[in-house]
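>>> Okay, here's the prediction I keep looking at, along with the sequence it came from:
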Amino acid sequence: MNTKSFVIASVGAAVFFFFYGFVANVLVLGSLFADMAASPMYRPEGEEMMGLIALSCVLQAAVLGYIFLQGREGKGWMEGVRFGFLIGLFYGSWLVLMFALMPMTAVPTLADFISSTIGYMGLGAVFAALYKP
């Protein structure tokens, strides 16, 4: 593994994932998630811990990037999209469990699944495009 390229790809994918999350979850789907904001499960608007959100993006990009590299076939950014789609499906299975256990509503949960899957596909594409062996 090329460590320098791995770090660059991880940072690039994390930056994409952070900004995609803002656009998708705040600008596009924010009104849909407004009902969930009243839930005691979530911090009130304005009290989010942005540093921890950014750290989560970096950790997800690095860990998923490492997993991606274990099976990498060198087929370019579309291979990263495929990988991200599979991660999105895995995340969706976790959402089904959370939906079964927590007071979540169906439409925002489905929107979270779709937007997160797109985000993971983008993360995979950016990582695959930036990583150079």
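Looks like it came in fine.

>>> nearest residue to Val58 other than its sequence neighbours?
Closest residue in space to Val58, ignoring its immediate chain neighbours: Ala14 at 4.4 Å, by Cβ to Cβ, 6 or more residues apart in numbering. Using the backbone N, CA and C atoms, a C-beta is placed for each residue, glycine as well.

>>> what's the answer for Asn2, then?
The nearest residue in space to Asn2 (Cβ to Cβ, 6+ apart) is Pro133, at 5.6 Å.

>>> Just checking, which helix or strand of this protein averages the lowest pLDDT?
Least confident helix or strand of the chain, by mean pLDDT, DSSP states H and E, is helix 34-37 with a mean of 68.

>>> How many residues are close by the residue nearest to Asn2?
9 (other Cβ atoms under 10 Å).

>>> and stretch 85-97, which residues are buried?
87-88, 92, 95 (16 or more other Cβ atoms under 10 Å).

>>> ditto for stretch 118-133
Result for stretch 118-133 [16+ other Cβ under 10 Å]: buried residues 118-131.

>>> who touches that stretch?
Stretch 118-133 has contacts (Cβ atoms under 8 Å, 6 or more residues apart in numbering) with 1-2, 5-6, 8-10, 12-13, 16-17, 20-21, 24, 60-61, 64-65, 68-69, 72, 74, 76-85, 87-88, 91.

>>> Ok, stretch 1-14 next?
54, 57-58, 60-62, 64-66, 69, 123-124, 126-128, 130-133.

>>> If anything else comes up later, I'll come back, but that's it for now.
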